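>>> pasting a predicted model and its sequence here:
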Number of protein chains: 2
Amino acid sequence: MTCNNTPSQPIYLGIDGGGSKCKARVSTPGTQGCGIAGPANPFQNLEQAKSSIIEATQLALESAGLSANQMGETIAGVGLAGVNVPRFMKLMQAWDHPFGEMHLTTDIHIACLAAHGGENGAVIVAGTGSVGYMSMDSTTRSYGGHGFPIGDIASGAWLGLEAIRDALLTLDSIGPSTALLPMLEQQLHVQGLGITDKMAGATSREYATLAPLVFEAAEQGDAVAEQIVRRGAAYLSAMAEKMLAEGATSFCMLGGLADKYQPWLSAAVINHAKPPQQEPDAGALLYARNCHLQTMG
Amino acid sequence: MTCNNTPSQPIYLGIDGGGSKCKARVSTPGTQGCGIAGPANPFQNLEQAKSSIIEATQLALESAGLSANQMGETIAGVGLAGVNVPRFMKLMQAWDHPFGEMHLTTDIHIACLAAHGGENGAVIVAGTGSVGYMSMDSTTRSYGGHGFPIGDIASGAWLGLEAIRDALLTLDSIGPSTALLPMLEQQLHVQGLGITDKMAGATSREYATLAPLVFEAAEQGDAVAEQIVRRGAAYLSAMAEKMLAEGATSFCMLGGLADKYQPWLSAAVINHAKPPQQEPDAGALLYARNCHLQTMG
């Protein structure tokens, strides 16, 4: 038997870090805890990501009745947005982190682990952005993503942009009339071509705030909005079919627009959709445990 | 008879100012001249626009055998990009300019005047951006434009974005294969998903540099590229039909993509297209003369 420094009762730490907040979850055989801190997307702000991770961990340790001094005993599974970009993965891997062990992966990977309770499976995220992800034994693969506006088709940002484009076609009397125009004017507090000034240089998040209007108008039967939602749903269905063809037996829809898209997906796809089992931070805990046990041999 | 300060032989000055350069043309009953200086888009850089206008004017006066000191005697027609935005129109109107008179308008207005030799008519610009414009007696109206990515449908920037999107769908094996993928990889000097890093945060100009590839692939029969060009052409045809329905009897296609789009426009539209008569800086001269003669009563 080999001797190592791991405490006899390991403190597992799961981190789910994204562009708006960082969630930490702590689990030992006897106690649980969680903590939430600010943004942790190293692509957006590397130093802020590190300090948010530490702050959320401290809060989680305290909430579990442990001491923040025990951070060095933790086995951390860290799932982060932004580390799909190799440069930011390397920067985070080079971090002189305060944990006993740190196992780093993408936010989508821990979300997929959580959704399927640590088993193989696929997920499709439809929120501000969009992406598909599949975990099959030792291999993983992602579909789409790529960032807005070149990728993230069907995402909230994409829906918002399409809505603005179609509303402007209506204003120019080139496109058909649509309920989206008055709805956008109301939400943006502008009239007519005031939309263009308001949206000049808008971020993907700003576009995504308009996405609920597109579903609302489509549900009310607006033909233009329905066309947009149908195109988005067709893309997500194609992505799901691709993953099912490549061996996934089911998939989970995640993200703020998951429920809204469900009724618009193809029947062949819907039959393979199931609700996620756990939240991403629980997936980060699973990842910490899996990696640690592999390390132990 | 009223007495005024206008010299007996007026020096007309036409300015065509855009995001890449500023052209000036000087015309008197006895002499002509022209000059070119740097960018003059007040939306991009207000002070640079003013100094480019002055520099181009000095060069034009010298080239006409006149003195730069005679700037105060000129009657200037100034057509600028960016002043379609009311705030920048006001800022330019507030300029303590060095001319005898300054008559300010948009770049598209002088382009339309030039294209139709000062007569009523319509133009469609398809370059980095896109816009339609119609001048009917005392009224003018524009269609489209609105900036990339919310507007400027069918523009070079739009073509480039659509090409990148479709190439990424091919890379994900979600979309059909397309010759655009290897062509984009070659032009961008990257492989596969390297495209996403290369295009992150790209400007409309950077997207527009990819537009010729889309026409090239479409002309070679690539179905994906052909779909993109057909959608762009359908938008431009709809814009032309709208202007013809509203009273324009003909229209001119302007901008770097005008010739490339011609074969893809609808037959009903092509029958009303004719080549532009003059360059936009000549339209600025016409505008200077028209406004001056109106001022004189």
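Done, it's in.
>>> so the nearest residue to residue A:101 once chain neighbours are set aside: helix, strand or coil?
The shortest distance from residue A:101 to any non-neighbouring residue, by C-beta to C-beta, 6 or more residues apart in numbering or on different chains, is to residue A:75 (4.7 Å). For the C-beta atoms, the positions are set from N, CA and C on the backbone; glycine is no exception. Following DSSP: H, G, I helix; E, B strand; the rest coil, residue A:75 is assigned to strand.
>>> now do the same contact list for residue A:75.
Contacts here follow C-beta atoms under 8 Å, 6 or more residues apart in numbering or on different chains; on that basis residue A:75 touches A:6, A:10-13, A:99-101, A:103, A:288-289, A:291-292.
>>> do you have the strands of the stretch 101-250 of chain A handy? List them.
Assigned by DSSP state E, counting those that start in this stretch, the stretch 101-250 of chain A shows strands spanning A:101-106, A:121-126, A:130-136, A:139-143.
>>> any chance of CSV for those, columns mean pLDDT?
Converted to CSV, the strands of the stretch 101-250 of chain A look like this (pLDDT from 0 to 100):
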stretch, mean pLDDT
strand A:101-106, 96
strand A:121-126, 95
strand A:130-136, 93
strand A:139-143, 90
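>>> for those strands, which one ends up most surrounded?
Among the strands of the stretch 101-250 of chain A, ranked by average contacts under mean count of other C-beta atoms under 10 Å in any protein chain shown, first place goes to strand A:121-126 (a mean of 27).
>>> where does the stretch 51-200 of chain A dip in pLDDT?
In the prediction, the stretch 51-200 of chain A carries no residues with pLDDT under 70.
>>> where along it do the helices fall?
Remark: helices assigned in the stretch 51-200 of chain A by DSSP state H, counting those that start in this stretch are A:86-93, A:107-115, A:156-171, A:180-188, A:194-199.
>>> tell me the domain boundaries of chain A?
A:11-117+A:278-296, A:156-270 (automatic domain parsing).
>>> out of the ones you listed, which comes closest to residue B:241?
Closest approach to residue B:241 among the domains of chain A is made by domain A:156-270 (9.0 Å; C-beta to C-beta).
>>> what does stretch A:84-96 contact?
Against stretch A:84-96 from outside (C-beta under 8 Å, 6+ apart): A:42-43, A:46, A:49-50, A:78, A:80, A:82-83, A:102, A:104, A:106, A:108, A:142, A:145, B:197.
>>> just the C-alpha atoms of it, please, in PDB.
Provided in PDB are the C-alpha atoms of stretch A:84-96 (Å, rounded to 0.1, in the frame of the first residue of the first chain):
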ATOM      1  CA  ASN A  84     -13.000  25.500 -23.900                       C
ATOM      2  CA  VAL A  85     -10.500  28.000 -25.400                       C
ATOM      3  CA  PRO A  86      -7.100  26.300 -25.100                       C
ATOM      4  CA  ARG A  87      -5.300  29.400 -24.000                       C
ATOM      5  CA  PHE A  88      -7.500  29.900 -21.000                       C
ATOM      6  CA  MET A  89      -7.500  26.300 -20.100                       C
ATOM      7  CA  LYS A  90      -3.600  26.500 -19.900                       C
ATOM      8  CA  LEU A  91      -3.800  29.800 -17.900                       C
ATOM      9  CA  MET A  92      -6.100  28.100 -15.300                       C
ATOM     10  CA  GLN A  93      -4.000  24.900 -15.200                       C
ATOM     11  CA  ALA A  94      -0.900  27.100 -14.400                       C
ATOM     12  CA  TRP A  95      -2.700  28.600 -11.400                       C
ATOM     13  CA  ASP A  96      -0.900  28.100  -8.100                       C
END
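>>> next one: that stretch to chain centre, how far?
Here stretch A:84-96 is found 19 Å from its chain centre; the criterion is C-alpha atoms, centre = their mean, to the nearest Å.
>>> got the buried residues for that stretch?
Buried residues in stretch A:84-96, counted by 16 or more other C-beta atoms under 10 Å in any protein chain shown: A:84-85, A:88-89, A:91-92, A:95.
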